[in-house]
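1. need a 3D model of the sequence below.
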Amino acid sequence: MNTIKQVFENNYNNKKGCLIGYITAGDPTPDLTPKITDALIRGGVDILELGLPFSDPIADGPTIQAASLRALNAGTTPMKVLEITKKIKTKHDIPIVIMTYYNPIFHFGLDKFLATAKTHGVNGFIVPDLPIEEAADFKKAANTCDLDTIFLAAPSTSEERLTKIADASSGFLYLVSHFGVTGTKSKIENSTLQLIQHVKPFIAKKVPLAVGFGISQPEHVQQVIKAGADAAIVGSAFINIIQKNTNNITDMLNELEATARALKTAINFEE
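-> Residues are numbered from 1 along each chain as shown. The predicted structure follows:
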């Protein structure tokens, strides 16, 4: 089974950056999510990030909040997300990361949830509302299950704390490119590129650097990779395609595949 580490190494050896594609699991329906991921994988997504829908997604902008609401209304539960993951893994050897807030994990039971996630093919977790200072139990349980724990760093993260986050992270470090919540942007700010260049030395040779929030176009991924990122994370751009095509699944899947292909083509270390 491909691990997150192996995917980064393989892409690096081929002089390519990684494309990480985020969607909300269960949006618009749980049955459609595997077909959506099929399209993204055909387009070139290297790692899937599945959002576990939650009623109070504090780090997410309107696009992903709406996707979470659609998924919840369609009956998506934490267990259903794991079942979706298992179904995807029967067809694709691709790392899958679950992005979830801590509340659903707590209610399910930490050890039970992570053990169940492992048996369903999950490779790692991103928990935005779990700071590193409070993550010892989660990190221990994840290590026991051989799951990566992916921590987030923000523009305001101090150099001292950044070093701690890099030391504790596995899989990759998620760099939030700007203040605020998720959502597409028309351009990448110079401050984001400077942030990548600032952060990179603190995590070099420790863990790959993935950059998210606001990345939606091929030129965006080119810019962040050239600035020193190892991966670009794209979410809202894909979810916008899903939202506008809920009544035409064929168009949705075709556009998702084409968009992923255009983004992946742009992620080349040599260009």
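2. which strand runs longest in the protein?
-> For the chain, the longest strand by residue count, based on DSSP state E, is strand 18-24.
3. start and end of stretch 113-130, how far apart?
-> Distance between the two ends of stretch 113-130: 16 Å, counting by Cα to Cα, to the nearest Å.
4. ok, now stretch 124-143?
-> Between the opening and closing residues of stretch 124-143 there is a gap of 10 Å (Cα to Cα).
5. and it, how far out from the chain's middle?
-> Stretch 124-143 has its C-alpha centroid displaced from the chain centroid by 16 Å (Cα atoms, centre = their mean, to the nearest Å).
6. and A266, how far from V234?
-> For A266, the distance to V234 equals 11 Å [Cβ to Cβ, to the nearest Å]. The C-beta positions use only the backbone N, C-alpha and C, and glycine is treated the same way.
7. between these two, tell me which one has more neighbours.
-> V234 (28 against 19; other Cβ atoms under 10 Å).
8. between A266 and V234, what contacts are shared?
-> Taking Cβ atoms under 8 Å, 6 or more residues apart in numbering as the contact rule, the neighbours common to A266 and V234 are V221.
9. per-residue confidence for A266?
-> At A266, the pLDDT value in this model is 89.
10. now name the helix or strand holding the residue nearest the centre of the chain.
-> Relative to the mean C-alpha position of the chain, the nearest C-alpha, by Cα atoms, centre = their mean, is the one of E49, at 3.7 Å. Element membership of E49, judged by DSSP states H and E, is strand 47-51.
11. hey, C-alpha coordinates of that strand in PDB?
-> This file holds the C-alpha atoms of strand 47-51, laid out as PDB (Å, rounded to 0.1, in the frame of the first residue of the first chain):
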ATOM      1  CA  ILE A  47      -3.300  12.200  -2.100                       C
ATOM      2  CA  LEU A  48      -7.000  12.500  -1.200                       C
ATOM      3  CA  GLU A  49      -8.100  14.500   1.700                       C
ATOM      4  CA  LEU A  50     -11.600  13.600   2.800                       C
ATOM      5  CA  GLY A  51     -13.400  16.100   5.000                       C
END
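12. now that strand: how far from the chain's centre is it?
-> A distance of 5 Å separates the centroid of the chain from that of strand 47-51, by Cα atoms, centre = their mean.
13. list the contacts of the residue nearest to the centre of the chain.
-> Residues in contact with E49 (Cβ under 8 Å, 6+ apart) are I20, G21, Y22, I23, I96, V97, I98, M99, I126, I233, G235.
14. just put those residues in TSV and tack on neighbour count, pLDDT and distance to L256.
-> Formatted as TSV, the entries for those read as follows, by neighbours: other Cβ atoms under 10 Å; pLDDT from 0 to 100; distance: Cβ to Cβ, whole Å:
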residue	neighbour count	pLDDT	distance to L256
I20	25	98	15
G21	29	98	9
Y22	25	97	12
I23	25	97	9
I96	23	98	17
V97	27	98	18
I98	28	98	20
M99	25	96	18
I126	25	97	21
I233	29	96	16
G235	28	92	12
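15. before I go, just wanted to say thanks for your time.
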